[in-house]
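Trainee: kindly return the folded structure for what I paste below:
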Amino acid sequence: MNVIIKIIITALLLLIAINPYFENGQIPGGLSEFRSLGLIPSIILILIFFTAIAFYCKSLQTTLNLIKIENRTRKPKSVWYMYLIPFNFIEDFFIIIDISNSLKNEMRSNESLKKFGDFGLTIGIGWSVAQLFSLIPNIAGQISGFVGIILWIIHWFLIEKINKVLKNKL
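Mentor: Residues are numbered from 1 along each chain as shown. The predicted model follows:
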């Protein structure tokens, strides 16, 4: 998909996400949980979260590096676009889809990958959707954020299992 279209979708998403904060004053939700934690605990939690994302991106990059070049639908370093906030809210879908498609291509020459079904596509799309809904500034957003984190961790563990299989094939 064209980068310009992704940027337009991201801008629309951002406008929709921030709109409730401008209508009737500030609505609870979103990042308000961090206010109740205090500054230092919030900073520590955010640093832990971004560190976890770095390890996740490294796992995804390893997956793409282990896939033959001709089977890749994305460059390995492009998974780091997950750090381009708010662009990542849209790009994450494409990262997940491209990794799944790359693994499907790789499966043609690596039979041991067949046991992984859709290669985490459903779970990855699930955490991406939950991430979008986490922008809703109320309890629904908070629940979506929690579900998104759980699905993200499940996806990460699946990617690690796939990486072990890919490494054994070398």
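
Trainee: I'd like to know which elements the helix ranked longest in the chain is packed against.
Mentor: Determined from DSSP state H, the single longest helix within the chain is helix 139-169. Applying 3 or more Cβ pairs under 8 Å, 6 or more residues apart in numbering; DSSP states H and E, one finds that helix 139-169 makes contact with helix 39-66, helix 88-107, helix 121-133. Glycine gets a C-beta too; all of them are placed from N, C-alpha and C.

Trainee: lowest confidence element among the helices and strands of this structure?
Mentor: helix 32-37 (a mean of 67; mean pLDDT, DSSP states H and E).

Trainee: nearest to residue 5, out of the helices and strands packed on helix 139-169?
Mentor: helix 88-107 (9.2 Å; Cβ to Cβ).

Trainee: point to the residue nearest the middle of this protein.
Mentor: The geometric centre of the chain, computed from its C-alpha atoms, lies nearest to residue 92 (Cα atoms, centre = their mean), at 4.7 Å.

Trainee: shouldn't it be in contact with residue 82?
Mentor: Yes - here residue 92 reaches residue 82: they are 6.1 Å apart, a contact under Cβ atoms under 8 Å.

Trainee: before we move on, back to that, against residue 107, how distant is the residue nearest to the centre of the chain?
Mentor: 23 Å (Cβ to Cβ, to the nearest Å).

Trainee: I figured residue 79 hits residue 65, correct?
Mentor: No - at 10.3 Å, residue 79 and residue 65 do not qualify as touching, with contact defined as Cβ under 8 Å.

Trainee: tell me which of these two has more neighbours.
Mentor: residue 79 (24 against 13; other Cβ atoms under 10 Å).

Trainee: look up the closest residue to that one, ignoring the ones flanking it.
Mentor: residue 60 (4.1 Å; Cβ to Cβ, 6 or more residues apart in numbering).

Trainee: how near is the one you found to residue 92?
Mentor: 10 Å.

Trainee: again, but for residue 37
Mentor: 25 Å.

Trainee: same check on residue 131?
Mentor: From residue 131 to residue 92 the distance is 7 Å (Cβ to Cβ).

Trainee: could you do residue 38 as well?
Mentor: 29 Å.

Trainee: try residue 116
Mentor: Residue 116 is 20 Å from residue 92, by Cβ to Cβ.

Trainee: cool, residue 132 as well?
Mentor: Note on residue 132: its distance to residue 92, by Cβ to Cβ, is 9 Å.

Trainee: repeat that for residue 85.
Mentor: 11 Å.

Trainee: swap in residue 98?
Mentor: Distance from residue 98 to residue 92, by Cβ to Cβ: 11 Å.
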